[in-house]
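[1] Just need the structure, nothing else, for what follows:
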Amino acid sequence: MWKQHVWKSLLATAGLAACALMLWQSSAWQAQQDVPVVADVLGEADEVEAAYDLIVVGGEAEGVVAAVAGAQSGLKTLLIEKRDGLGGVLTFGMLNYLDTATYRGQPLNTGLFTAWHKEVGGEVVFDPEQAKQVFRKMVAREPNVELRLRTEVVAPLFDKDNPKQLAGVKARRADGTVIKLRAKRVIDATEDADVAAMAGAPYFVGQEDIGINAQMSVTLMIHLKDVDWQGVKKACAQQLYGGCMIADRFAWGFLDLKSAYQPKEPGTRLRGLNIARNQDGTLMINALQVLGVDGLDPVAKQQAYAKGKRETEHVLAFFRAKLPGFERAKIASWPQELYIRETRHVLAEYQLSIADVWENKDQWDRIGYGGYPVDLQANEVVRDDVILADPERYAIPYRSLVPLRVENLLVVGRAAGFSSLAAGSARTVPTGMTQGEAAGVAAALSLQHQVSFRELAHNKQRIAELQAVLQRRGALPHVEPLDYPYKGAWYYPAVRDLLTHGLIAGHYRNEIDPDGVITEAEFVELLRRVGHIAVQEREADVTAQLQKLAAQPKPLTRDRMGAMIQPLLHPTPLPNGGTWKAAATALHPAFAERFPDNRAVLKQEAYWAAAQLLKKAR
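    All right, here's what the predicted structure looks like:
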């Protein structure tokens with residue numbers, strides 16, 4: 001319970017860096033760092049196999065562009081990847097449907113992402129094998145890059161005179177030999193921030209920052225052959241299972257499959273289909289969710305993969321019987337690994353928040369932009385996926401790449417310094433590639449000026465120089481400042497607080513209906529979720545009291561609201577007849593004045609009340 005107790009007192013702020021600093025210094029936070037590590041120190045005279053200006057760990061798309069950018073900036077660069085090829089989840093996980101973001105019709109992620117994207121066809125979808133080859137070509141074209149495949153980092157190496165400063169890595173080659181590699185700078189582009197975790201950087205897992213001990217669902221991509229694309233188009237036109245949007249190489253929709261399809265394997269379900277059509281006519285489908293999986297547990301991942309394969313056979317049988325175009329479909333192949341959406345979230349100099357995303361916030365140290373919808377996949381079968389918001393665009397701060405506690409290290413990709421909710425948008429691969437390119441350039445700039453990554457993060461002159469280089473590379477587009485929904489409204493601070501905890505959602509239209517009347521049932525559900533965060537020691541009792549109120553799908557009134565907020569304010573019932581007045585006064589002295597009569601409650605008022613309950617808990 002310690003993590004939830006600490007986190008609930010921290011989340012009102014947009015940035016978590018100062019709070020995180022306090023946490024990792026505590027023995028409790030240290031206990032969370034459960035990565036087995038045999039760290040070593042490295043002096044100038046110690047024997048190493050090779051030395052580099054920059055080591056990039058992780059052959060994900062983000063790592064490839066980080067290595068290429070570093071090399072193009074003049075650094076002797078090593079790219080280490082434990083697999084036998086590059087591209088990570090895009091190629092080995094067969095996730096070939098890109099989550100791109102645009103602003104006013106123009107792409108937000110450019111630079112090396114655009115170069116790679118053009119080489120794989122420039123469409124929303126791409127062929128995984130072609131992508132793997134293009135990644136190899138990008139690396140091979142740079143004489144300053146050395147690539148070591150089938151090589152796994154097993155421990156950090158620290159400077160002999162500074163136990164927090166990375167000086168390189170220990171790595172295990174395919175033959176089992178463990179080697180030492182010296183580096184002036186290191187970029188962690190692994191999916192799970194493995195190097196940062198091994199080096200002792202603080203982090204949280206999944207959605208622990210909002211009091212939920214779970215991670216988003218994982219997916220096993222479905223690869224089918226012998227599908228009649230014209231038949232699929234016909235199914236779309238007939239609006240089967242809700243219909244779909246379809247083009248020559250992709251389709252999206254059939255959302256009603258979620259209720260129509262009955263899974264066979266426990267902990268699995270089918271959502272709407274993201275379909276990508278390869279050049280050979282085979283289809284990749286992103287739709288099968290496996291829930292309750294710890295993406296950091298190798299055994300759990302193996303079990304989820306096996307479960308996904310079994311369920312895929314069941315899905316195929318359903319498609320053949322019920323979905324036009326799939327009558328003769330067969331399994332074409334299996335991905336080599338799962339598509340895992342989240343595990344660790346590193347704590348950084350600045351923690352990008354969901355409020356930053358909602359508010360389309362610019363940052364003085366921007367190194368790129370994100371703009372994809374905040375897509376939160378469910379973490380339990382009983383919960384729905386949700387689009388928390390759909391930003392126009394927001395800046396990615398350089399500070400979010402700089403982990404706390406460890407020097408000479410940057411983290412890029414889904415595990416960088418984002419809150420779990422902000423990561424629902426920032427985790428996308430194109431946004432990660434933007435981060436990777438900036439990290440490679442930052443490595444060169446930090447060495448040129450002999451400043452650490454952390455010192456760079458607080459030097460406005462050097463950050464301006466970094467931004468200028470990125471602009472020359474075409475990697476940092478110019479955009480103007482933007483406003484955001486409900487800016488200046490009296491209730492917006494409450495909206496911001498509830499968004500920070502994932503308690504309300506704006507969906508694709510960023511609409512929370514503040515002027516609408518809230519129902520009793522909606523308010524009780526909101527209070528139940530508030531109670532999970534605010535009164536954990538009494539959560540079971542509060543939930544029981546809320547259930548006794550027998551909330552109905554009818555408008556919530558002032559007096560009923562008083563009765564409903566009372567359990568979260570007081571461990572024992574209020575005196576006779578004093579429910580509304582006592583509850584309102586305890587919540588906020590001015591709140592009773594807003595309701596002289598027993599009228600219906602607007603959603604903006606209900607949100608404000610819920611936010612006050614959170615504040616009282618803090």
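
[2] what about V315, helix or strand, and which?
    helix 298-322 (DSSP states H and E).

[3] buried ones in that helix?
    Within helix 298-322, the residues that count as buried by 16 or more other C-beta atoms under 10 Å are 301, 304-305, 307-309, 311-312, 314-316, 318-319. Glycine gets a C-beta too; all of them are placed from N, C-alpha and C.

[4] Next one, pLDDT for H345 please.
    Looking at H345, its pLDDT is 98.

[5] What values do phi and psi take at the residue nearest to it when sequence neighbours are not counted?
    The shortest distance from H345 to any non-neighbouring residue, by C-beta to C-beta, 6 or more residues apart in numbering, is to F204 (5.5 Å). Here is the backbone geometry of F204 (degrees, to the nearest 10): phi -130, psi 160.

[6] what do you get for the one 10 residues further on?
    Phi and psi for A214, reported as degrees, to the nearest 10, are phi -160, psi 160.

[7] Name the helix or strand for the closest residue in space to it that isn't next to it in sequence, please.
    Distances taken as C-beta to C-beta, 6+ apart place N379 nearest to A214, at 3.7 Å, with adjacent residues excluded. Counting by DSSP H and E, no helix or strand carries N379.

[8] repeat for the one 4 residues further on
    With the criterion set as DSSP H and E, no secondary-structure element contains R383; it sits in neither a helix nor a strand.

[9] what residues are up against the residue positioned nearest the centre of the chain?
    Most central in the chain under C-alpha atoms, centre = their mean is A423, positioned 2.7 Å from the mean C-alpha point. By C-beta atoms under 8 Å, 6 or more residues apart in numbering, the residues touching A423 are E342, H345, R414.

[10] quick revisit: distance of the residue nearest to A214 from E337?
    From N379 over to E337 the distance is 20 Å, taken as C-beta to C-beta, to the nearest Å.

[11] which ones are touching P397?
    By C-beta under 8 Å, 6+ apart, the neighbours of P397 are Y350, L352, Q363, W364, D365, R366, I367.

[12] Narrow those to those that are buried.
    If you count burial by 16+ other C-beta under 10 Å, the buried members of the contacts of P397 come out as Y350, L352, Q363, D365, R366, I367.

[13] SS state for the third one?
    Put plainly, it is Q363. coil (DSSP: H, G, I helix; E, B strand; the rest coil).

[14] Wait, it touches I396, no?
    Yes. Counting by C-beta atoms under 8 Å, I396 is a contact partner of Q363 at 7.5 Å.

[15] could you say which helix or strand contains the nearest residue to Q207 once chain neighbours are set aside?
    In space, and not counting its chain neighbours, Q207 is closest to S420: 4.4 Å by C-beta to C-beta, 6+ apart. Assigned by DSSP H and E, S420 belongs to no helix or strand.

[16] Kindly report the same for the one 4 residues further on.
    Taking DSSP H and E as the criterion, G424 maps to helix 423-426.

[17] Kindly report the same for K82.
    Counting by DSSP H and E, K82 is found in no helix or strand.

[18] Next, the contact list for the residue nearest to it when sequence neighbours are not counted, please.
    Nearest in space to K82, with sequence neighbours left out and distances taken as C-beta to C-beta, 6+ apart, is E152 at 4.1 Å. By C-beta under 8 Å, 6+ apart, E152 lies in contact with I80, K82, A171, R172.

[19] T431 too?
    A101, L108, N109, G368, Y369, G370, Y372, I396, S425.

[20] The last one and V124: what is the separation?
    Distance, S425 to V124, by C-beta to C-beta: 17 Å.

[21] so where does W252 fall, helix or strand?
    Here W252 is assigned to strand 250-253, by DSSP H and E.

[22] mind exporting that strand as PDB, just the C-alpha atoms?
    Extracted C-alpha coordinates of strand 250-253, given in PDB (Å, rounded to 0.1, in the frame of the first residue of the first chain):
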ATOM      1  CA  PHE A 250      -6.200  -0.600 -44.400                       C
ATOM      2  CA  ALA A 251      -9.500  -0.800 -42.700                       C
ATOM      3  CA  TRP A 252     -10.700   0.300 -39.200                       C
ATOM      4  CA  GLY A 253     -13.900  -0.500 -37.500                       C
END
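
[23] What is whichever helix or strand comes after that strand packed up against?
    Per DSSP H and E, the first helix or strand lying C-terminal to strand 250-253 is helix 257-260. Using 3 or more C-beta pairs under 8 Å, 6 or more residues apart in numbering; DSSP states H and E, the elements in contact with helix 257-260 are strand 268-277.

[24] Show me what the strand it packs on is in contact with.
    Strand 268-277 has contacts (C-beta under 8 Å, 6+ apart) with 96-97, 124-126, 229, 232, 242, 244, 248-255, 257-258, 261, 263, 283-291, 307-308, 311, 315, 381, 385.

[25] thought the residue nearest to Q207 was touching R344?
    No. When contacts are counted by C-beta under 8 Å, S420 is not listed as touching R344 (10.5 Å).

[26] which neighbours do the two share?
    Both S420 and R344 are in contact with F204, where contact means C-beta under 8 Å, 6+ apart.

[27] For the stretch 301-450 of the chain, which segments count as strands?
    Counting by DSSP state E, counting those that start in this stretch, the stretch 301-450 of the chain has strands at residues 330-333, 344-346, 366-370, 375-376, 386-387, 394-397, 409-411.

[28] out of those strands, nearest to E511?
    strand 386-387 (11.2 Å; C-beta to C-beta).

[29] Pop the domain breakdown of the protein in here.
    By the assignment in automatic domain parsing, the chain contains the domains 2-210+343-472, 218-333, 513-617.

[30] Of those domains, which shows the lowest average pLDDT?
    Across the domains of the chain, domain 513-617 has the smallest mean pLDDT, namely a mean of 86.

[31] Show me how far that one is from its chain's centre.
    The chain centroid and the centroid of domain 513-617 are separated by 32 Å under C-alpha atoms, centre = their mean, to the nearest Å.

[32] how long is that domain end to end?
    With C-alpha to C-alpha, to the nearest Å applied, domain 513-617 spans 26 Å between its terminal residues.

[33] got it, and stretch 372-389?
    Stretch 372-389 has an end-to-end distance of 9 Å (criterion: C-alpha to C-alpha).

[34] quick revisit: kindly format the C-alpha coordinates of the helix holding G424 as CSV.
    Only the C-alpha atoms of helix 423-426 are listed here, as CSV (Å, rounded to 0.1, in the frame of the first residue of the first chain):
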residue,chain,number,x,y,z
ALA,A,423,1.9,7.8,-22.2
GLY,A,424,-1.4,6.8,-23.8
SER,A,425,-0.5,9.3,-26.5
ALA,A,426,3.2,9.7,-26.2
